[in-house]
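Colleague: Pasting the sequence and the predicted model now:
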Amino acid sequence: MEYTVQKLAQMAGVSSRTLRYYDEIGILKPARTNSSGYRIYGQQEVDRLQQILFYRELGISLDQIKEIISAPAFDAADALKEHREKLLEKRKQLDLLITNVEKTIASAEGRTTMSDKEKFEGFKKKMIEDNEEQYGKEIREKYGDETVDKSNAKLMNMTQEEHEAVTKLAEEVNTALAEAMQTGDPAGELAQKAADLHKQWITFYWSEYSKEAHAGLAEMYVADERFKAYYDKIRPGAADFLRDAINIYTGQQ
């Protein structure tokens, strides 16, 4: 079975422009171009598009997808099994949130009571799973499974008041960091205040604190582009500045 751009786009639920763009960037080339100049897609291209859309659903960038599915070791069957596991994880997250909403409705209608802890359980679990998916591998390699599992357990047991406090504290860290950067001195009073606030923030998640672990986390903020991008949104160079401030705060510099 062969498809034109329009027919494949209609079947896959994407736009014709999307398929043309995929052709331009080399992630999905048509099997051939017919005598009228139309792109023609065969079974191999249909299967490749399915893989691309699976990965897009998981939030993976097109550059990364192209690298994954173009790799010599790429196995379509193994990839489908991986997609299935990821989708099952996502379904568990959605089921938990749906259960949470249903309990909230029942509570609002007076049919049952719902504790404050239950109200936030679904959101906290999703936060943990999102963090595991995005940063889990690096964090577990650096600190070990036991440390990360304890941190996750601490988050799950966090009260509403604690959750509000740590959210506010995160904002205070970013505000203090922005103000400290204007001085240009990571050893200054404002920078050291930001480092201390950061310590207070991480102790909401960590079961125990150490200066070495704090400095190691700050180093990861610079080494890992995802963390670096988060802090550099505050101001370019913020991740490096925070790392330097924390190194001074912990006596690692």
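Modeller: Received it, and whenever you're ready, just let me know what you need.
Colleague: only C-alpha atoms for contact and neighbour calcs from this point on.
Modeller: OK.
Colleague: got a pLDDT number for Gln253?
Modeller: If you check Gln253, the pLDDT there is 69.
Colleague: Over to Asp95?
Modeller: On the pLDDT scale, Asp95 is placed at 72.
Colleague: Now it: which helix or strand?
Modeller: In this assignment (DSSP states H and E), Asp95 forms part of helix 76-108.
Colleague: Tell me who's in contact with Ile98.
Modeller: Ile98 makes contact with no residue, according to CA atoms under 8 Å, 6 or more residues apart in numbering.
Colleague: confidence score at it?
Modeller: We note a pLDDT of 72 for Ile98 in this prediction.
Colleague: For Glu132, see how far away it is.
Modeller: Separation of Ile98 from Glu132 (CA to CA, to the nearest Å): 21 Å.
Colleague: I'd like the next helix or strand past the helix or strand of the chain with the lowest mean pLDDT.
Modeller: Least confident helix or strand of the chain, by mean pLDDT, DSSP states H and E, is helix 116-143 with a mean of 67. As assigned by DSSP H and E, the chain's next helix or strand after helix 116-143 is helix 145-156.
Colleague: Averaged pLDDT, that next one. What do you get?
Modeller: Helix 145-156 comes out with an average pLDDT of 76.
Colleague: Could you list every helix and strand in contact with that helix?
Modeller: Under the contact criterion of 3 or more CA pairs under 8 Å, 6 or more residues apart in numbering; DSSP states H and E, helix 145-156 touches helix 116-143.
Colleague: And the helix or strand harbouring Gln192, what does it pack against?
Modeller: Assessed by DSSP H and E, Gln192 sits inside helix 189-202. Where contact means 3+ CA pairs under 8 Å, 6+ apart, helix 189-202 is packed against helix 160-181, helix 238-249.
Colleague: Could you point out which of these sits nearest Arg226?
Modeller: Counting by CA to CA, Arg226 lies closest to helix 238-249 out of these; the figure is 10.7 Å.
Colleague: Residues contacting that closest one, please?
Modeller: Helix 238-249 has contacts (CA under 8 Å, 6+ apart) with 177-178, 181, 186-187, 191-192, 194-196, 214-215, 218-219, 221-222, 227-228, 231-232, 253.
Colleague: tell me the angle of that helix relative to helix 160-181?
Modeller: 100 degrees (axes from the mean of the first three to the mean of the last three CA atoms, to 10 degrees).
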